[in-house]
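Participant: Sequence plus predicted model, see below.
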There are 2 protein chains.
Amino acid sequence: MATVFDVAKLAGVSIKTVSRVVNDEPSVRPSTRDRVRQAIDKLEYRPHSGARLMRSSKSGIVGMISDAVSSVLEDPLNAGLSSIHIVRGVQEACREAGKILMIADQGPEEDDVDVATLLRTFESHRVEGVIYAAPYHRQIALPLPRGLPLVLVNCFDGLSTPSVLPDDAGGQQILVEHLLKAGHRRIAYVGLDENMVAGRLRGDAFRKACADAGLSGNATPTYVGIDATSEDSLNDLHDILQEICALSERPTAICFGNDLMAMRGMEMLEQMGLRIPEDISVAGYDNDENLVKYLKRPLTTVTL
Amino acid sequence: MATVFDVAKLAGVSIKTVSRVVNDEPSVRPSTRDRVRQAIDKLEYRPHSGARLMRSSKSGIVGMISDAVSSVLEDPLNAGLSSIHIVRGVQEACREAGKILMIADQGPEEDDVDVATLLRTFESHRVEGVIYAAPYHRQIALPLPRGLPLVLVNCFDGLSTPSVLPDDAGGQQILVEHLLKAGHRRIAYVGLDENMVAGRLRGDAFRKACADAGLSGNATPTYVGIDATSEDSLNDLHDILQEICALSERPTAICFGNDLMAMRGMEMLEQMGLRIPEDISVAGYDNDENLVKYLKRPLTTVTL
DNA sequence: CCACCAAATGACAATGTTGTCATTACGGTC
DNA sequence: GACCGTAATGACAACATTGTCATTTGGTGG
């Protein structure tokens, strides 16, 4: 493989001048620049990133830890933005900033030891910063890399590590306000497990928004802890919907914890003989494109 | 940041011995090894990948070009294995082989110039090989990297570059045989655009399998060129299905070009008053998990 | 035509590691 | 206790680049 020396010899200049051309430094005469460029093309010279890094200690690499790749086959939790979208945004930002993105996949299980290993690899490659993205909104405990900027996405530690978080509460509030504006005064809530951060935030926001609007607890029956991914859970969902339908003052709208629940719920409601949205309105959450794409009718939902 | 010199000094050995310990070379006395390990831990020493690469010219990096990340928001062509699955498999193989996978995203548009740039970046990082994955089964023309092993996935060039390809024909054949075994003697085929490699292979395989079984052309009406992603295309699909239903000898099964078409087709067939599978059987292709996951009833399909 | 200044170019060190080869330490044998 | 062979360790060069500083070049004004 050709080096600066080969290029320099062919172009009849010093290696330093080759370096200047490669790095687009000013103060190289255009004629010299051309000669060097031609030599580079002819020899198919490629700067050696290792040597470069060693001398300049700027790797131009950003490290990212996510489960986007390995989780492809897993059943998603269906709450929030999926990891691959986060990777996509980071990727794009890196491209714009001229940085190379080095993605380390965390693997299926979340193992702190593993993360430490990944961080060590990043450190060896002298990445300029690390981004850690969690698969869903939650609290985590990470071994902090010394001297390396770290940003969390979709998660937070108790410390002051900067993080980018979805506004689960804000979305829910907007959704409720939307329903209120449409005239609904009795709204049921069939939500996620409230031990999940997203579930708690959304549930709290739902209750607060309803209370703020003066709706009583009776007018806003609330059920949580369903995820609609298992057979059992679907049975629970069915029971809940029957209970809701049997209420003396039946709600005119139901907020589901996510789009999957909303879809399953709609199927069940129709089976019970209710028309949507004539008899009852339905809202989801997350705007899960994999799902929404295949729905027969539009669904009111929230994009984070 | 600590270097081998710092570690060597603290452990009271030469830098070479530190190197040996770091690289798990034999012939280091256990007591020495421990002393060095302790020094490494204490100083939080991380080998400098750049210096390492420069000396040993083994980067341990495999480069991959795919559209898996950037295509997340795009409408997939719904034919074959989606890119992210390919990345996942490559990722896993790299992990097992102890290699680092460097993923370069090709971006939405397929631009040969862009690929050349990505290849140059890979070359600068002295990757040990390059994997190029196409979003769907097709022929491509790539600028060949000199001296770098290249493997194509989901695509082929006219040259002798090694490639890994889906067996579109084999899958279709198995599917037809399955239907034959179930007793079907009149099978319709509503397939993909046959200008697409996958479409052509599947269509050819369908016709061959039917001919081999002695089914006449009349018994195997064939329609191609639908993708079920656009409004227009859905109208076409509807017309085709009506035509099929109106046949004097109605087929007892329909093979659709992919799962999306199968799903839309089933909706339409039910609307026309046909029961599935009592009145007519339906088969898809690709086992598109994003879609199949949400179907109400099981679908006969093919996993590549 | 010379002196001068800025622009252009070059010489050389430094970066952190591993490969090569030399040297030292250790354990056993006579 | 001297000798020997192997295991363990060390000294030093080499890798390909960029930073620092020195030198040369070319143009301009007197």
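Facilitator: Looks like it came in fine. Just so we're clear, the structure is a prediction, and the values are computed from it rather than from any experiment.
Participant: helix or strand for the residue sitting nearest the centre point of chain A, which one?
Facilitator: Among the residues of chain A, the smallest C-alpha distance to the mean C-alpha position (Cα atoms, centre = their mean) belongs to A:Ile86, namely 3.6 Å. In the assignment (DSSP states H and E), A:Ile86 maps to helix A:83-97.
Participant: Check which helices and strands the top strand by length along chain A is in contact with.
Facilitator: Within chain A, and with DSSP state E defining each element, the longest strand by residue count is strand A:130-139. Taking 3 or more Cβ pairs under 8 Å, 6 or more residues apart in numbering or on different chains; DSSP states H and E as contact, the helices and strands that strand A:130-139 lies on are strand A:61-66, helix A:83-97, helix A:112-124, strand A:150-156, helix A:197-212. The C-beta positions use only the backbone N, C-alpha and C, and glycine is treated the same way.
Participant: Next, format the ones you listed as JSON lines and append mean pLDDT and distance to B:Thr17.
Facilitator: What follows is those, written out as JSON lines (pLDDT from 0 to 100; distance: least, Cβ to Cβ, whole Å):
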{"stretch": "strand A:61-66", "mean pLDDT": "96", "distance to B:Thr17": "30"}
{"stretch": "helix A:83-97", "mean pLDDT": "92", "distance to B:Thr17": "39"}
{"stretch": "helix A:112-124", "mean pLDDT": "88", "distance to B:Thr17": "19"}
{"stretch": "strand A:150-156", "mean pLDDT": "96", "distance to B:Thr17": "33"}
{"stretch": "helix A:197-212", "mean pLDDT": "96", "distance to B:Thr17": "49"}
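Participant: follow-up on the earlier one: return the set of buried residues in the longest strand of chain A.
Facilitator: A:Val130, A:Ile131, A:Tyr132, A:Ala133, A:Ala134, A:Pro135, A:Tyr136, A:His137, A:Arg138 (16 or more other Cβ atoms under 10 Å in any protein chain shown).
Participant: sorry, back to before: check contacts around the residue nearest to the centre of chain A.
Facilitator: Residues counted as contacts of A:Ile86 (Cβ atoms under 8 Å, 6 or more residues apart in numbering or on different chains) are A:Ser66, A:Ala68, A:Ala133, A:Val153, A:Asn154.
Participant: and A:Asn218, how many neighbours does it have?
Facilitator: Under the neighbour criterion other Cβ atoms under 10 Å in any protein chain shown, A:Asn218 is assigned a count of 10.
Participant: Also A:Gly273?
Facilitator: A:Gly273 has 8 neighbouring residues, counting by other Cβ under 10 Å.
Participant: separation between it and chain B?
Facilitator: Here A:Gly273 is placed at a distance of 18 Å from chain B (Cβ to the nearest Cβ, to the nearest Å).
Participant: Let's verify that residue: helix, strand, or coil?
Facilitator: Reduced to three states with DSSP: H, G, I helix; E, B strand; the rest coil, the structure at A:Gly273 is coil.
Participant: which ones are touching the nearest residue to A:Ile103 once chain neighbours are set aside?
Facilitator: Excluding the flanking residues, the one nearest A:Ile103 by Cβ to Cβ, 6 or more residues apart in numbering or on different chains is A:Met64, at 5.1 Å. If a contact means Cβ under 8 Å, 6+ apart, then A:Met64 has A:Val87, A:Val90, A:Leu101, A:Met102, A:Ile103, A:Ala104, A:Val130, A:Ile131, A:Tyr132, A:Ala133 as its contacts.
Participant: and what of A:Tyr189?
Facilitator: Counting by Cβ under 8 Å, 6+ apart, A:Tyr189 touches A:Gly203, A:Phe206, A:Arg207, A:Thr220, A:Pro221, A:Thr222, A:Tyr223, A:Val224, A:Ile254, A:Cys255.
Participant: Now with 7 Å, please.
Facilitator: A:Phe206, A:Thr220, A:Thr222, A:Tyr223, A:Cys255 (Cβ atoms under 7 Å, 6 or more residues apart in numbering or on different chains).
Participant: what does A:Leu237 give?
Facilitator: A:Ile226, A:Ala228, A:Met261, A:Arg264, A:Gly265, A:Met268.
Participant: most surrounded residue in the contacts of A:Tyr189?
Facilitator: The most crowded member of those, judged by other Cβ under 10 Å, is A:Cys255 (31 neighbours).
Participant: which SS class is it?
Facilitator: Following three-state DSSP, A:Cys255 is assigned to strand.
Participant: neighbours around A:Ser233, how many?
Facilitator: Number of residues near A:Ser233 (other Cβ under 10 Å) recorded here: 15.
Participant: what's the distance between it and chain B?
Facilitator: In this view, A:Ser233 and chain B are 15 Å apart by Cβ to the nearest Cβ.
Participant: Report the contact partners of that residue.
Facilitator: By Cβ under 7 Å, 6+ apart, A:Ser233 lies in contact with A:Ile226, A:Asp227.
Participant: correct me, but A:Val72 touches B:Arg88?
Facilitator: Yes - judged on Cβ atoms under 7 Å, A:Val72 makes contact with B:Arg88 at a distance of 5.1 Å.
Participant: and the closest residue to DNA strand C within the stretch 151-300 of chain A, what does it touch?
Facilitator: Checking the stretch 151-300 of chain A residue by residue against DNA strand C with Cβ to the nearest atom of the strand singles out A:Val151 as nearest, at 25.8 Å. Contacts for A:Val151 were tallied using Cβ under 7 Å, 6+ apart; they are A:Ile131, A:Pro162, A:Ser163, A:Val164.
Participant: Now with 10 Å, please.
Facilitator: With contacts defined as Cβ atoms under 10 Å, 6 or more residues apart in numbering or on different chains, the neighbours of A:Val151 are A:Val62, A:Met64, A:Val90, A:Gly129, A:Val130, A:Ile131, A:Tyr132, A:Ala133, A:Thr161, A:Pro162, A:Ser163, A:Val164.
Participant: returning to what we had before: for the next helix or strand after the helix holding A:Ile86, name the packing helices and strands.
Facilitator: Sequence order places strand A:100-105 as the next helix or strand after helix A:83-97, per DSSP H and E. In terms of contact count using 3 or more Cβ pairs under 10 Å, 6 or more residues apart in numbering or on different chains; DSSP states H and E, strand A:100-105 is assigned the packing partners strand A:61-66, helix A:83-97, helix A:112-124, strand A:130-139, helix B:83-97, strand B:100-105.
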